[in-house]
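In: sharing a sequence plus its predicted fold:
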Amino acid sequence: MAERVAFLCLGTMGAPMAGHLVRAGHQVTVYNRTPGRAEAWVGEYGGHRADTPSKAVSGARFVFACTGNDEDLRAITLGEGGALASLEDGAVFVDHTTASPDLARELSAWTAARGRAFLDAPISGGEDGAVRGALTVMVGGDRDAFSRAEPLIGCYARSATWMGPSGAGQLTKLANQICIAGLLQALSEGLAFAERADLDVARVVDVISRGAAQSWQMDQRAGTMIEGRFDFGFAVDWMRKDLALALGEARRNGSGLPVTALVDQLYAQLQARGGGRLDTSSLIALLRLQG
């Protein structure tokens, strides 16, 4: 059934995700802080543009957002012209931002007290996954609200899983980022080691990718790491934001994250060298500088 929906923030992930909702037949109104980007999106996909989050969500049964961080999310939800105060009775707000579990719980409590629902639903799969409609979504919040929103999330996701109460989606995403950070550093060290050993590195990857070392990162990033290409993908700046959330949560729950803390500092070195916008696989560049 076609739904009236809103999508807030049209970055590299949000724009194609909102486009998939249009292709599925839904009536989509978008908001973006930079109006020109929203106008361009409407020109490409159709739908409608609103000047504020509040206007965008008027009449929408489902609202989706994908912005940068806690500050941005708070601005579009509770700030001037924010979305939450204008949500329809019974509406579901699905937030795809990677934000703090505490903010997810706060926004969930705010909406629940007013007869609405808020789902923290961070995503994995990168820009390519958003374009192909093949994202992985991990969801926290009211399970019935998730069941209602799941068919729409399926327009741009290959997998959407309810993980538990409010905040559980964000905690799952932090676990995801912890695993990725360690994998990328290990992959960087393995490739750099093969280079120093005068091996045919592409052949090494071909061989070990058929064994226990295989991973998504190896399949998708080893080739570009060998070539030294990092001007794409998930940026170092974004990863450091996520790792700061993970390390902060670990301090609260008593988790030991020694490898994550080390990789975070390596990313800090890349930022200091002007590499904040490089893909996270650029960790190998530091190892190459050591020779």
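Out: Sure thing, it's come through. Numbers count the residues shown, from 1 in each chain.

In: in the chain, which residue is most central in space?
Out: residue 123 (4.4 Å; CA atoms, centre = their mean).

In: that one touches residue 11, doesn't it?
Out: No - using CB atoms under 8 Å, residue 123 makes no contact with residue 11, being 11.9 Å away. (Each C-beta comes from the backbone N, C-alpha and C, glycine too.)

In: joint contacts of these two?
Out: Common contact partners of residue 123 and residue 11 (CB atoms under 8 Å, 6 or more residues apart in numbering): residue 66.

In: any idea how far residue 43 lies from residue 65?
Out: 22 Å (CB to CB, to the nearest Å).

In: same drill for these two, tell me which one is more crowded.
Out: residue 65 (25 against 9; other CB atoms under 10 Å).

In: roughly how far apart are the more buried one and residue 80?
Out: 16 Å.

In: what about residue 181, distance to residue 227?
Out: Taken as CB to CB, the span from residue 181 to residue 227 is 22 Å.

In: likewise residue 36?
Out: 33 Å.

In: now residue 154
Out: The value you get for residue 154 to residue 227, if CB to CB is used, is 35 Å.

In: for residue 172, same thing?
Out: 32 Å.

In: neighbour count winner among these two?
Out: Neighbour comparison, residue 172 and residue 227: the larger count goes to residue 172, with 21 against 9 (by other CB under 10 Å).

In: return the residues in contact with that one.
Out: Neighbours of residue 172 in contact, by CB under 8 Å, 6+ apart: 122, 138, 140, 163.

In: pick out the most distant pair among these.
Out: 122 and 163 (10.1 Å; CB to CB).

In: mutual contacts of these two, please.
Out: With CB under 8 Å, 6+ apart, residue 122 and residue 163 have common neighbours 138, 169, 172.

In: could you give the mean pLDDT of stretch 152-161?
Out: Stretch 152-161 carries an average pLDDT of 98.

In: quick one: the residue nearest to residue 115 when sequence neighbours are not counted and residue 61, what's the gap?
Out: Leaving aside its chain neighbours, residue 115 sits nearest to residue 89 (5.4 Å; criterion: CB to CB, 6 or more residues apart in numbering). For residue 89, the distance to residue 61 (CB to CB) stands at 10 Å.

In: these two: which is more packed in?
Out: Comparing residue 89 with residue 61 by other CB under 10 Å, the one with more neighbours is residue 61, at 19 against 8.

In: so what's residue 281 up against?
Out: Counting by CB under 8 Å, 6+ apart, the residues that residue 281 touches are 184, 187-188, 217, 221, 224-225, 230, 233.

In: which one of those is nearest residue 258?
Out: Closest approach between the contacts of residue 281 and residue 258, by CB to CB: residue 184, at 16.0 Å.

In: which SSE is immediately downstream of whichever strand or helix holds that closest one?
Out: Secondary structure assigned from DSSP states H and E places residue 184 in helix 168-196. Once the chain leaves helix 168-196, the next helix or strand it forms, by DSSP H and E, is helix 201-208.

In: ok, and what's touching that next one?
Out: Contacts for helix 201-208 (CB under 8 Å, 6+ apart): 190-191, 194-195, 214, 218, 222-223, 226.

In: which two among these are spaced furthest apart?
Out: 195 and 214 (19.8 Å).
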